[in-house]
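Peer 1: Just need the structure, nothing else, for what follows:
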Amino acid sequence: MKKQFKNLKTSVVISSILLLGSYSSASFAQANLQVQCPGYKPAKTQLLSEKTGKKLNKAFEAYNQDLVKEAIDLLYEIEAKDPFDRASVDRFLGQLLVSDEDRRSEAKDYIERAVKVKVLNDNDHAPLLKLMGDLEYAEGNYAKAIEWFERWMDFTCQEDGVAYLKIARSFSEMKKQAEVIAPADKAIELMEKPNQGAYSLKVQSYYERKMYAEAIDVLETAVQVFPDSDVWYTRLGLFYQIVESYDKALAMFELAYKMGHLKTASQYRSLAQLHAVNGAPYKSAKIVEKYLNDGVIPRTDTNLEGIANSYYQAREFKDAAKYFALAAVEGNDNDLYRRQGAMLLSAGDYKGAIQALNKALVNNEDNLGKVHYALIEAHFYSGDLRAAMKATQEAKKFRAMRKNALAWEPHIRNKASNKGINI
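Peer 2: Numbering: from 1, shown residues only. Next up is the predicted model:
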């Protein structure tokens, strides 16, 4: 590597430079790429002038000794006028500067200048086109990135899955969702190892355009391509919910659950909600209860009330009453004691219902009529007819409850008369 540049082809010397920085593999892995266009004839090999070759060789030797700053300084000093010499210096300088995040804009200027004159050997020119695409992409200049990636593939007559994936992402970032699909499909076709990102971009593109059936087709394929991935089962389940295929949504979440793919509180809640929607509120309650007790689902009044409602729908009234009481404490909401009382009434626990309903009389101004009305039934069936009549008189004070409360009066009086009780 220490021979004079004048005795070597430029492409051999500079292509042997070790690549630097986070862009190394992505930008320069194709350094030995051969142009494959039909009828392609390689450009005539050019050589550096002796003067420029010596200076480049000196910079290269500094680089080989890990003296990158010194190598860059030496390159800055070269005043090459010949287009091929100038392009060779710019190429080397750009490749060194690209390893410094703070100088990538400058690196881009040098590389673009080296590309613009189109005097480098084709095998040196091609990777620079791709490198420019990578740099523009990293800076968020997506339209320019697409242009460079397409120029690189046009020049080499090769298609590249990674480049197509970046083109698809660039269109997505530019909110051109309809244009995402074609390059994403090419990425899927060309990449040796399936890439989840390409499928995700297609799903997002269809979702943003409300093309839910098409998104589901992609997801159904992704589940098969990535059977061990956590994400696809739940995403497909969510899309089934969007199109109201709740049975399919539940089947997908159940499969994910059995495979151990559910991990988050929201995922367990989604599974529980789907059981409820599909007519299995008891299972719904049990799932939330389990993961709430395990600490995965937060112990909030909303989640506790949700368990209570599911048990209520499953007609498990005592369990529902338990969780309405817990939710009342957690949320400092005394009206939930009214709901606890209602559950205990349904369960036939009249004394428990009275205790809960008495708690609901405190700090619950908006629902006092409902509480007094519930107390009528609780006292009546517990056998305390005087208390039942008293609750009736209180309930009549509320317009919404008055008619129903009046209906209880003759019933209570008749029962009391039969028992010889003076009310």
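Peer 1: For N334, which residues are in contact?
Peer 2: 328, 359-360, 362-364 (C-beta atoms under 8 Å, 6 or more residues apart in numbering). From N, CA and C alone the C-beta is placed, and that goes for glycine too.
Peer 1: What are the phi and psi values at it?
Peer 2: Main-chain torsions, N334, degrees, to the nearest 10: phi -70, psi -20.
Peer 1: Of the contacts of N334, which belong to helices?
Peer 2: 328, 359-360 (DSSP state H).
Peer 1: among these, who's most crowded?
Peer 2: For the ones in helices among the contacts of N334, the largest neighbour count, defined by other C-beta atoms under 10 Å, is 26 neighbours, found at A360.
Peer 1: so that one touches A342, yeah?
Peer 2: No - counting by C-beta atoms under 8 Å, A360 stays clear of A342, with 9.7 Å between them.
Peer 1: hang on, the earlier thing: and which of the ones in helices among the contacts of N334 is nearest L375?
Peer 2: A360 (9.2 Å; C-beta to C-beta).
Peer 1: quick one on the thing from earlier: for the ones in helices among the contacts of N334, give me a markdown table that also has pLDDT and distance to V296.
Peer 2: Converted to a markdown table, those look like this (pLDDT from 0 to 100; distance: C-beta to C-beta, whole Å):
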| residue | pLDDT | distance to V296 |
| --- | --- | --- |
| A328 | 98 | 23 |
| K359 | 97 | 30 |
| A360 | 97 | 31 |
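Peer 1: Make JSON lines from those and add distance to N404 to it.
Peer 2: Formatted as JSON lines, the ones in helices among the contacts of N334 follow (distance: C-beta to C-beta, whole Å):
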{"residue": "A328", "distance to N404": "25"}
{"residue": "K359", "distance to N404": "22"}
{"residue": "A360", "distance to N404": "18"}
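Peer 1: and which of these is nearest D335?
Peer 2: A360 (6.3 Å).
Peer 1: can you pull the contacts of the closest one?
Peer 2: Applying C-beta under 8 Å, 6+ apart, the residues near A360 are 334-338, 340-341, 367, 371.
Peer 1: Counting neighbours, which of these comes out on top?
Peer 2: G341 leads those on contacts (other C-beta under 10 Å) with 30 neighbours.
Peer 1: what's the spacing between that residue and Y137?
Peer 2: 63 Å (C-beta to C-beta, to the nearest Å).
Peer 1: Give the residue spans of this protein that score low on pLDDT.
Peer 2: 1-36, 39, 43 (pLDDT under 70).
Peer 1: Walk me through the domains of it.
Peer 2: With domains defined by automatic domain parsing, the chain comprises 1-158, 364-423.
Peer 1: So which residue is dead centre in this structure?
Peer 2: Centroid-nearest residue in the chain: V231, 8.8 Å away (criterion: C-alpha atoms, centre = their mean).
Peer 1: Any figure for the gap between it and V371?
Peer 2: 47 Å.
Peer 1: How about A80?
Peer 2: For A80 relative to V371 (C-beta to C-beta), the value is 92 Å.
Peer 1: Check K419 too.
Peer 2: 26 Å.
Peer 1: All good on my end, thank you.
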